[in-house]
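Visitor: got a predicted structure plus its sequence, pasted below:
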Amino acid sequence: EPEVTQTPSHQVTQMGQEVILRCVPISNHLYFYWYRQILGQKVEFLVSFYNNEISEKSEIFDDQFSVERPDGSNFTLKIRSTKLEDSAMYFCASSEERASNQPQHFGDGTRLSIL
Amino acid sequence: KQEVTQIPAALSVPEGENLVLNCSFTDSAIYNLQWFRQDPGKGLTSLLLIQSSQREQTSGRLNASLDKSSGRSTLYIAASQPGDSATYLCAVEGGAQKLVFGQGTRLTINP
(Lines give C-alpha, C1' and ligand atoms only; values in the text may rest on other atoms or scores of the structure.)
Protein backbone atom coordinates (compact mmCIF):
# COMPACT_ATOMS: atom_id res chain seq x y z
CA GLU A 1 0.00 0.00 0.00
CA PRO A 2 1.37 3.46 -0.89
CA GLU A 3 2.65 5.42 2.07
CA VAL A 4 4.00 8.82 3.06
CA THR A 5 7.73 8.67 3.79
CA GLN A 6 9.66 11.14 5.93
CA THR A 7 13.38 11.69 6.38
CA PRO A 8 15.28 11.81 8.60
CA SER A 9 13.56 9.85 11.34
CA HIS A 10 15.50 11.82 13.97
CA GLN A 11 17.24 15.19 13.61
CA VAL A 12 19.37 16.78 16.30
CA THR A 13 20.23 20.45 15.74
CA GLN A 14 21.79 23.27 17.70
CA MET A 15 19.52 26.17 18.63
CA GLY A 16 19.64 28.91 16.00
CA GLN A 17 20.47 26.56 13.15
CA GLU A 18 18.32 25.99 10.10
CA VAL A 19 16.71 22.60 9.62
CA ILE A 20 14.88 21.06 6.65
CA LEU A 21 12.49 18.17 7.14
CA ARG A 22 11.67 16.13 4.07
CA CYS A 23 8.59 14.25 3.00
CA VAL A 24 7.56 12.23 -0.03
CA PRO A 25 3.74 12.22 -0.19
CA ILE A 26 1.71 9.48 -1.85
CA SER A 27 2.25 9.91 -5.57
CA ASN A 28 -1.27 10.75 -6.79
CA HIS A 29 -2.12 12.98 -3.85
CA LEU A 30 -2.67 16.69 -4.38
CA TYR A 31 -2.99 18.10 -0.84
CA PHE A 32 -0.09 18.18 1.59
CA TYR A 33 0.13 19.03 5.28
CA TRP A 34 2.53 19.43 8.17
CA TYR A 35 1.57 18.78 11.78
CA ARG A 36 3.61 18.63 14.93
CA GLN A 37 3.29 16.87 18.27
CA ILE A 38 5.20 18.16 21.26
CA LEU A 39 5.90 15.34 23.71
CA GLY A 40 2.80 14.59 25.77
CA GLN A 41 0.62 17.08 23.90
CA LYS A 42 -1.96 16.95 21.13
CA VAL A 43 -1.11 16.77 17.45
CA GLU A 44 -1.30 20.35 16.10
CA PHE A 45 -1.88 21.58 12.55
CA LEU A 46 0.86 23.74 11.04
CA VAL A 47 0.13 24.26 7.35
CA SER A 48 -1.71 22.91 4.31
CA PHE A 49 -0.43 23.20 0.74
CA TYR A 50 -2.17 22.81 -2.60
CA ASN A 51 -1.30 23.75 -6.15
CA ASN A 52 2.11 25.07 -5.10
CA GLU A 53 0.85 27.46 -2.51
CA ILE A 54 -0.15 27.56 1.13
CA SER A 55 -3.88 27.02 1.61
CA GLU A 56 -4.03 27.54 5.34
CA LYS A 57 -1.59 28.04 8.19
CA SER A 58 -1.88 28.13 11.95
CA GLU A 59 -0.60 30.79 14.31
CA ILE A 60 2.32 28.47 15.07
CA PHE A 61 3.50 28.75 11.46
CA ASP A 62 5.26 32.11 11.74
CA ASP A 63 7.98 33.69 9.59
CA GLN A 64 10.53 31.14 10.84
CA PHE A 65 8.69 28.39 8.97
CA SER A 66 8.39 27.80 5.25
CA VAL A 67 7.25 24.98 2.99
CA GLU A 68 8.22 24.07 -0.51
CA ARG A 69 7.56 21.46 -3.16
CA PRO A 70 10.90 21.67 -4.98
CA ASP A 71 10.08 18.94 -7.49
CA GLY A 72 7.28 16.54 -8.37
CA SER A 73 7.79 14.26 -5.40
CA ASN A 74 9.24 16.04 -2.36
CA PHE A 75 7.54 18.34 0.13
CA THR A 76 9.75 20.11 2.67
CA LEU A 77 9.36 22.05 5.90
CA LYS A 78 12.14 24.52 6.73
CA ILE A 79 12.68 26.12 10.10
CA ARG A 80 15.08 29.04 9.65
CA SER A 81 16.41 29.64 13.14
CA THR A 82 15.40 26.86 15.50
CA LYS A 83 14.35 27.45 19.10
CA LEU A 84 14.25 25.02 22.01
CA GLU A 85 10.45 24.99 21.83
CA ASP A 86 10.59 23.68 18.25
CA SER A 87 11.55 20.29 19.66
CA ALA A 88 8.71 17.97 18.66
CA MET A 89 7.66 15.17 16.34
CA TYR A 90 6.82 16.61 12.94
CA PHE A 91 4.36 14.70 10.76
CA CYS A 92 3.78 15.12 7.06
CA ALA A 93 0.43 14.07 5.60
CA SER A 94 -1.21 13.98 2.21
CA SER A 95 -4.68 13.44 0.79
CA GLU A 96 -5.99 12.64 -2.65
CA GLU A 97 -8.67 15.25 -2.66
CA ARG A 98 -9.97 17.87 -0.30
CA ALA A 99 -9.78 16.33 3.16
CA SER A 100 -13.53 16.35 3.68
CA ASN A 101 -13.84 13.63 1.04
CA GLN A 102 -10.69 11.64 1.60
CA PRO A 103 -8.65 10.74 4.68
CA GLN A 104 -5.30 12.31 5.36
CA HIS A 105 -2.47 9.77 5.35
CA PHE A 106 0.42 10.39 7.70
CA GLY A 107 4.09 9.51 7.63
CA ASP A 108 6.00 8.07 10.59
CA GLY A 109 7.32 11.51 11.52
CA THR A 110 10.65 13.20 12.13
CA ARG A 111 11.67 13.63 15.75
CA LEU A 112 13.37 17.04 15.97
CA SER A 113 15.55 17.69 19.00
CA ILE A 114 16.93 21.20 19.52
CA LEU A 115 19.91 21.48 21.85
CA LYS B 1 -12.36 27.65 18.51
CA GLN B 2 -12.83 23.91 18.06
CA GLU B 3 -11.84 21.73 21.01
CA VAL B 4 -11.72 17.93 20.87
CA THR B 5 -11.78 15.80 24.00
CA GLN B 6 -11.29 12.06 24.36
CA ILE B 7 -12.40 10.02 27.32
CA PRO B 8 -10.97 7.96 28.89
CA ALA B 9 -7.30 8.97 28.66
CA ALA B 10 -6.30 5.34 29.19
CA LEU B 11 -8.15 2.04 29.13
CA SER B 12 -7.03 -1.49 29.94
CA VAL B 13 -9.25 -4.48 29.14
CA PRO B 14 -8.87 -8.27 28.84
CA GLU B 15 -8.51 -9.80 25.41
CA GLY B 16 -11.80 -10.65 23.72
CA GLU B 17 -13.86 -7.85 25.23
CA ASN B 18 -15.80 -5.34 23.19
CA LEU B 19 -15.01 -1.72 24.01
CA VAL B 20 -16.00 1.84 23.20
CA LEU B 21 -13.78 4.90 22.94
CA ASN B 22 -15.36 8.33 23.13
CA CYS B 23 -14.66 11.61 21.38
CA SER B 24 -16.47 14.92 21.80
CA PHE B 25 -16.08 18.22 19.99
CA THR B 26 -17.36 21.69 20.79
CA ASP B 27 -18.29 23.04 17.36
CA SER B 28 -20.74 20.88 15.39
CA ALA B 29 -19.92 22.64 12.10
CA ILE B 30 -17.54 19.96 10.86
CA TYR B 31 -16.85 18.45 7.45
CA ASN B 32 -15.69 15.09 8.72
CA LEU B 33 -14.29 13.17 11.66
CA GLN B 34 -11.36 10.79 11.37
CA TRP B 35 -10.15 8.10 13.77
CA PHE B 36 -6.44 7.23 13.85
CA ARG B 37 -4.25 4.69 15.55
CA GLN B 38 -0.78 5.67 16.79
CA ASP B 39 1.76 3.08 17.85
CA PRO B 40 4.68 4.19 20.09
CA GLY B 41 7.28 6.14 18.09
CA LYS B 42 5.25 5.78 14.92
CA GLY B 43 3.02 7.90 12.75
CA LEU B 44 -0.75 8.00 12.58
CA THR B 45 -2.61 5.26 10.74
CA SER B 46 -6.02 6.28 9.42
CA LEU B 47 -8.72 3.85 10.58
CA LEU B 48 -12.04 5.39 9.58
CA LEU B 49 -13.34 8.65 8.16
CA ILE B 50 -16.97 9.69 8.67
CA GLN B 51 -18.26 12.54 6.56
CA SER B 52 -20.60 15.00 8.24
CA SER B 53 -23.60 13.61 6.36
CA GLN B 54 -22.94 10.07 7.59
CA ARG B 55 -23.92 8.42 10.86
CA GLU B 56 -21.42 5.57 10.94
CA GLN B 57 -18.62 3.75 9.18
CA THR B 58 -17.41 0.18 9.60
CA SER B 59 -14.11 -1.51 8.85
CA GLY B 60 -13.65 -5.07 10.02
CA ARG B 61 -13.98 -5.16 13.82
CA LEU B 62 -14.16 -1.37 14.02
CA ASN B 63 -17.31 0.73 13.93
CA ALA B 64 -17.34 4.49 14.27
CA SER B 65 -20.46 6.55 14.83
CA LEU B 66 -21.04 10.26 14.55
CA ASP B 67 -23.72 12.42 16.17
CA LYS B 68 -22.88 15.84 14.84
CA SER B 69 -25.67 17.68 16.63
CA SER B 70 -24.48 16.55 20.05
CA GLY B 71 -20.80 16.80 19.14
CA ARG B 72 -19.96 13.17 19.80
CA SER B 73 -18.33 10.21 18.13
CA THR B 74 -17.61 6.71 19.37
CA LEU B 75 -15.21 4.06 18.15
CA TYR B 76 -16.40 0.54 18.89
CA ILE B 77 -13.85 -2.26 18.79
CA ALA B 78 -15.26 -5.78 18.78
CA ALA B 79 -13.48 -8.85 20.13
CA SER B 80 -10.35 -6.95 21.14
CA GLN B 81 -6.90 -8.47 20.55
CA PRO B 82 -3.47 -7.67 22.04
CA GLY B 83 -2.48 -6.24 18.64
CA ASP B 84 -5.14 -3.54 19.13
CA SER B 85 -3.01 -2.01 21.88
CA ALA B 86 -2.14 1.53 20.77
CA THR B 87 -3.21 5.14 21.25
CA TYR B 88 -6.40 6.03 19.40
CA LEU B 89 -6.88 9.60 18.24
CA CYS B 90 -9.92 11.31 16.86
CA ALA B 91 -9.70 14.45 14.76
CA VAL B 92 -12.30 16.75 13.22
CA GLU B 93 -12.03 18.88 10.14
CA GLY B 94 -13.95 22.11 10.41
CA GLY B 95 -12.73 23.62 7.19
CA ALA B 96 -9.52 24.82 5.56
CA GLN B 97 -8.37 21.19 5.42
CA LYS B 98 -6.93 21.29 8.91
CA LEU B 99 -7.55 18.54 11.43
CA VAL B 100 -8.08 19.35 15.12
CA PHE B 101 -7.01 16.44 17.31
CA GLY B 102 -8.01 15.09 20.67
CA GLN B 103 -5.47 14.01 23.25
CA GLY B 104 -6.02 10.34 22.51
CA THR B 105 -7.00 7.24 24.46
CA ARG B 106 -4.16 4.85 25.31
CA LEU B 107 -5.61 1.35 24.95
CA THR B 108 -4.01 -1.78 26.42
CA ILE B 109 -5.44 -5.22 25.67
CA ASN B 110 -4.24 -7.82 28.16
CA PRO B 111 -3.77 -11.40 26.92
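Guide: Right, received. Where do you want to start?
Visitor: going forward, measure contacts between C-alpha atoms and count neighbours the same way
Guide: Noted.
Visitor: helix, strand or coil for the closest residue to chain B within chain A?
Guide: Using Cα to the nearest Cα, A:D108 is the residue of chain A that sits closest to chain B, at 3.7 Å. Here A:D108 is recorded as coil under DSSP: H, G, I helix; E, B strand; the rest coil.
Visitor: so who does it touch?
Guide: A:4-6, A:9, A:91, B:41-44 (Cα atoms under 8 Å, 6 or more residues apart in numbering or on different chains).
Visitor: how near is the residue positioned nearest the centre of chain A to B:L89?
Guide: The structure's chain A has its C-alpha centroid closest to A:W34; by Cα atoms, centre = their mean the separation is 3.1 Å. Separation of A:W34 from B:L89 (Cα to Cα, to the nearest Å) stands at 17 Å.
Visitor: equivalent analysis for B:A29, please.
Guide: B:A29 is 19 Å from B:L89, by Cα to Cα.
Visitor: for the nearest residue to B:P82 once chain neighbours are set aside, name its beta-bridge partners.
Guide: Excluding its sequence neighbours, the residue lying closest to B:P82 (Cα to Cα, 6 or more residues apart in numbering or on different chains) is B:I109, at 4.8 Å. Note on B:I109: beta-bridge partners B:V13, judged by DSSP bridges.
Visitor: I figured B:I109 hits B:S80, correct?
Guide: Yes. Here B:I109 reaches B:S80: they are 6.9 Å apart, a contact under Cα atoms under 8 Å.
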